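1. Below is the sequence, then the predicted model.
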Amino acid sequence: FFLVVPRESHKMATTTKPLSYADDKARIREFLQGFEQTDTTTDAASLKYLELLQKVADRQLTQLVVDLGDVEEYNSSLATAIIQNTRRFQLLFADVIDDIKPEPVADHRGEETILDVFIQHRQTLLQQNAPTGEAAEARERYPKQLLRRFEVVFDGGDRIKTLGVRQVDARHIGRLVRVEGIVTRATAVKPAVTVATYVCEQCGCEIYQEVTAPTFMPLSVCTSSDCTANRRPGKLHLQTRGSKFEKFQELKIQELARDVPTGHIPRTMTVLARGETTREAAPGDQVTITGIFLPTPYTGFKQIRTGLLSDTYLDAQIVDKEKRAHSEQVITEEIRLQIMQAARDEELYEKLAASVCPHIYGHEDVKKALLLLLVGGADRKLSDGMKIRGDINVCLMGDPGVAKSQMLKAVADLAPRGVYTTGRGSSGVGLTAAVTRDPLTSELVLEGGALVLADMGVCCIDEFDKMEEGDRTAIHEVMEQQTISIAKAGITTTLNARSSILAAANPLYGRYNPRKSATQNINLPAALLSRFDLLFLLLDIPDQNEDLRLAAHITYVHTENDYPPSEHVPLEKSFVRNYVAMAKDFSPFISPELARDVVDAYRNMRADSAKDTENMTFTSARTLLAILRLATALARLRFSEEVLQGDIDEALRLMTMSKKPLQELKDDFRPRRNPSAEIYRIVKDLAESGDVSIEDARLKVISRGFKPDQFDSCLTEYETLNVWQINASRTRLTLVNMVT
């Protein structure tokens, strides 16, 4: 059989222009020397890349980032060629920069390295001992990579489609791709040789070997002209001072949970970071990496076993974090003005709390507690080195179906560094740290668990009651000292775990059994419960009005596929993150006068705890620290450096509301009485002699979980009924009728 080619196709094939390195270099040179960037403020044009090359020559810049948007604007065909064959154009860009790089203007003699001195000394010797022509030829034998002090990377930005780990296949070999995932492992940054320098022990000649693969075979026999002519090749010795090294780090990224098909396990990808790209991501970070997808052959015994198969990796060019830590948030002046304007709103506290998880109905106080958990209190470091944590720990204990897990996932998504795990699927080693063997160096290394990954963030642990007792004790140290002490396999160290713990658990019997005591229902040790600043008991109690509103909320979400209209419009997640990042810059203090009120409130709480015969509540010195943390977190929300009385009142109210079901739940669920009647009973018990200070009564009532406006309403109501009388300055209250 013969293949007949049409005449038109044959003509087209013969007129296609072949690829040429010279033409590509000419286009690159034209782009670097001719691309102009216009300043939007001054309308002045400047040669962007020539200015960057001047910084490279002056040793002020070591990484030249080529924006593919600029290349596409100047020459679209060149941008397409770069995306399709990135490694080749990376080398071509470096060669062109070597040719057109300007002479240095700034003095960088103080920044010279040992390698610079080494090369300068060799060039001086060549000029002194050889004629001009020979010296020039000898200088050409230095590898270009040895003389370069810069690296070229390409930034595709949003012009390249973001892919999942599973979507990258053989079609993308050699191309510039953009992959998103979560970092599961990051090795230590170590030097990797790029140019190895050898010295012959017989002729003294220097031999250079460029290393482009992860592994290489060192040279052992001299190949210089002298040794070749004598037919007695000398032995080569590696000279470390004359070799060039670069920073090297290996990352492992895993595809996101939303990209994993049903019934499959997540896939991973190896990422190699070099130079300035190292130390850009840590385990637990959600990243989007722009890099070159390349193959690498197996080595050693694995090569014999796998045959023709090759492994693949991603050569990182740009590493972008999806959610940066609070200290890494880039807040522009426009965002700062927007936040400062919103901070003047008196209802911002309620709006921020409603934005934590707007799709969940009710639980207003729980949402406020979760907002304070994200903000955190102020850390205290004493002169003797002792540190008192400022992070807030919250536990949600309740019946099934009260949206505990949904709130945990919402907080993990909202926090810049959030890790979500379950108690049944987590072990003590998985939460703290494990000793593993590094596949690169075969050394024993520590691999951080969920609590280490959540450092400076939030660790959400669902099904907390399903954990084994031995695994649960592993987080005791984390919740108070915020460190993890390790003594395994000869490794003795302390890791940082400065994270807030948000746990969710069910009672011992699945649902809360009102005929059992609170201790029997919760079934958690007191040493663990005392480490939680807030312990909320969420009960599913039948109530016709509440059930009707909850059903309407759920059906609206399912029919309209949106949140129902509420009193406060939820704020954007980015706005909440930026607001929390600015709030963390404040470190509020408590005045001595206010500290006395806190001491009195704590004394009353201890007295109430002593009267508790059913052991439903546990109050210790950690409770006092919890009040101070909540108060400083509330002051941070106001962008204030001082804690006010209202912050203390709100902290006491949240503390009481979290423990109120533990204190007052009886065998039968009696409906709650009128708040005014309960406030009246509290004031009457406080005024044993018939006279009491209104400020003392207000503090006592708020510590029992009531709001200030409820107290003011009760004052007005019972004053109208002539149950008590208030003096003209409205500072003292006198009971008239002592009959209940």
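-> Great, that's in hand. Numbering: from 1, shown residues only.

2. For stretch 422-430, which outside residues touch it?
-> With contact meaning Cβ atoms under 8 Å, 6 or more residues apart in numbering, stretch 422-430 is reached by 421, 449-450, 461-468, 470-474, 505. C-beta coordinates here come from the backbone N, C-alpha and C atoms, glycine included.

3. So which bits of that stretch are buried?
-> Of the residues in stretch 422-430, 422-423, 426, 428, 430 count as buried by neighbour count, 16 or more other Cβ atoms under 10 Å.

4. Run a quick neighbour tally on Val183.
-> 22 (other Cβ atoms under 10 Å).

5. go on, Gln202?
-> Gln202, neighbours per other Cβ under 10 Å, totals 15.

6. So for it, what's the nearest residue that isn't a sequence neighbour?
-> The shortest distance from Gln202 to any non-neighbouring residue, by Cβ to Cβ, 6 or more residues apart in numbering, is to Gly234 (2.9 Å).

7. contacting residues around that neighbour?
-> Here Gly234 is in contact with 200-203, 221-222, 227 (Cβ under 8 Å, 6+ apart).

8. Most neighbours among those, please name it.
-> Cys222 (24 neighbours).

9. and which of the buried residues of stretch 422-430 is nearest to Asp685?
-> Distance to Asp685, by Cβ to Cβ, is smallest for Gly423 among those, at 42.2 Å.

10. Need the pLDDT of the closest one.
-> pLDDT, Gly423: 78.

11. do the same with the one 3 residues further on
-> pLDDT recorded at Ser426 is 71.

12. from the contacts of stretch 422-430, which ones fall inside helices?
-> Among these, the members falling in helices (DSSP state H) are 450, 470-472.

13. Just the buried ones among the residues you listed, please.
-> By 16+ other Cβ under 10 Å, those give 450, 471-472 as buried.

14. Columns pLDDT and secondary structure on top of the contacts of Gly234, output as CSV?
-> Shown next, in CSV, are these (pLDDT from 0 to 100; DSSP: H, G, I helix; E, B strand; the rest coil):
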residue, pLDDT, secondary structure
Cys200, 87, strand
Glu201, 86, coil
Gln202, 82, coil
Cys203, 81, coil
Val221, 85, strand
Cys222, 86, coil
Cys227, 84, helix
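
15. Would you reformat those as JSON lines and include distance to Ser566?
-> What follows is the contacts of Gly234, written out as JSON lines (distance: Cβ to Cβ, whole Å):
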{"residue": "Cys200", "distance to Ser566": "80"}
{"residue": "Glu201", "distance to Ser566": "81"}
{"residue": "Gln202", "distance to Ser566": "85"}
{"residue": "Cys203", "distance to Ser566": "84"}
{"residue": "Val221", "distance to Ser566": "79"}
{"residue": "Cys222", "distance to Ser566": "80"}
{"residue": "Cys227", "distance to Ser566": "84"}
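
16. I'd like the average pLDDT over stretch 595-614.
-> Mean predicted lDDT for stretch 595-614 stands at 78.

17. List the buried residues in it.
-> 597-598, 601-602, 605, 609.

18. Stretch 65-79 too?
-> Quick answer for stretch 65-79 (16+ other Cβ under 10 Å): 66-68, 70-72, 74-75, 78-79.

19. on that earlier part again, pull the most distant pair out of the ones in helices among the contacts of stretch 422-430.
-> Ala450 and Gly470 (16.4 Å).

20. picking up where we left off before, the buried residues of stretch 595-614 into a markdown table, with extra columns for distance to Phe93 and secondary structure?
-> Listed next are the buried residues of stretch 595-614 as a markdown table, based on distance: Cβ to Cβ, whole Å; DSSP: H, G, I helix; E, B strand; the rest coil:
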| residue | distance to Phe93 | secondary structure |
| --- | --- | --- |
| Asp597 | 67 | helix |
| Val598 | 64 | helix |
| Ala601 | 67 | helix |
| Tyr602 | 67 | helix |
| Met605 | 68 | helix |
| Ser609 | 71 | helix |
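
21. List just the nearest of those residues to Pro104.
-> Nearest member of these to Pro104, counting by Cβ to Cβ, is Val598, at 62.3 Å.

22. about what we covered before: so which of the buried residues of stretch 65-79 belong to strands?
-> 66-67 (DSSP state E).

23. Now flag whichever of the buried residues of stretch 65-79 is closest to Gly646.
-> Asp67 (50.2 Å).

24. can you pull the contacts of the residue nearest to Gly490 when sequence neighbours are not counted?
-> Counting by Cβ to Cβ, 6+ apart, Leu444 is the residue found nearest to Gly490 once chain neighbours are left out, at 7.3 Å. Contact analysis of Leu444 by Cβ under 8 Å, 6+ apart lists 435-438, 489-491.

25. Mind telling me the two of these farthest from one another?
-> Between all members of these, the farthest pair (by Cβ to Cβ) comes out as Asp438 and Gly490, at 14.7 Å.

26. Show me the helices in the stretch 401-550 of the chain, by range?
-> Assigned helices in the stretch 401-550 of the chain, in chain order: 404-414, 428-431, 450-453, 469-472, 476-480, 518-522, 526-529, 544-560 (criterion: DSSP state H, counting those that start in this stretch).

27. Show me what the fifth one is packed up against.
-> Packing partners of helix 476-480 (3 or more Cβ pairs under 8 Å, 6 or more residues apart in numbering; DSSP states H and E): strand 483-488, helix 526-529.

28. got a list of contacts for that helix?
-> Against helix 476-480 from outside (Cβ under 8 Å, 6+ apart): 389, 393, 432, 451, 483-485, 497, 499, 501, 527-528, 531-532.

29. 10 Å - rerun?
-> Outside of helix 476-480, the residues within contact range by Cβ atoms under 10 Å, 6 or more residues apart in numbering are 388-389, 391, 393, 431-432, 451-452, 454, 459, 483-485, 494-501, 503, 525, 527-528, 530-533, 622, 625.

30. and which of the buried ones among the ones in helices among the contacts of stretch 422-430 is nearest to Ala26?
-> Looking across those and measuring by Cβ to Cβ, the closest to Ala26 is Ala450, at 54.0 Å.

31. and the closest one, what is it in contact with?
-> 284, 419-421, 426, 430-432, 459-461, 475, 497, 499.

32. Any idea which of those the model trusts least?
-> Ser426 (71).

33. what pairs with Gly448 across the strands?
-> Ala433 (DSSP bridges).

34. From Asp391, how far off is it?
-> Going from Gly448 to Asp391 by Cβ to Cβ, to the nearest Å gives 17 Å.

35. just Asp597 next, same as before
-> 24 Å.

36. just to revisit the earlier point, kindly reformat the helices and strands packed on helix 476-480 as a markdown table and extend each row with mean pLDDT.
-> Formatted as a markdown table, the helices and strands packed on helix 476-480 follow (pLDDT from 0 to 100):
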| stretch | mean pLDDT |
| --- | --- |
| strand 483-488 | 79 |
| helix 526-529 | 81 |
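
37. of those, which approaches Leu370 most closely?
-> helix 526-529 (18.7 Å).

38. about what we covered before: okay, the buried residues of stretch 422-430 in TSV with distance to Val105 next?
-> Below are these laid out as TSV (distance: Cβ to Cβ, whole Å):
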residue	distance to Val105
Thr422	60
Gly423	62
Ser426	58
Gly428	59
Gly430	55
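
39. Out of these, which is nearest to Ser46?
-> Lowest distance from Ser46 to the buried residues of stretch 422-430 (Cβ to Cβ) belongs to Gly430, with 53.1 Å.

40. The closest residue to Tyr556 other than its chain neighbours: what secondary structure?
-> Nearest residue to Tyr556 in three dimensions, chain neighbours excluded: Pro564, at 4.3 Å (Cβ to Cβ, 6+ apart). At Pro564, secondary structure determined by DSSP: H, G, I helix; E, B strand; the rest coil is coil.

41. wait, Pro564 sits on Thr555?
-> Yes. Contact status for Pro564 versus Thr555: in contact at 9.4 Å, counting by Cβ atoms under 10 Å.

42. of all the contacts of Leu444, which comes closest to Thr559?
-> Out of the contacts of Leu444, the member with the shortest distance to Thr559 (by Cβ to Cβ) is Thr436, at 49.7 Å.
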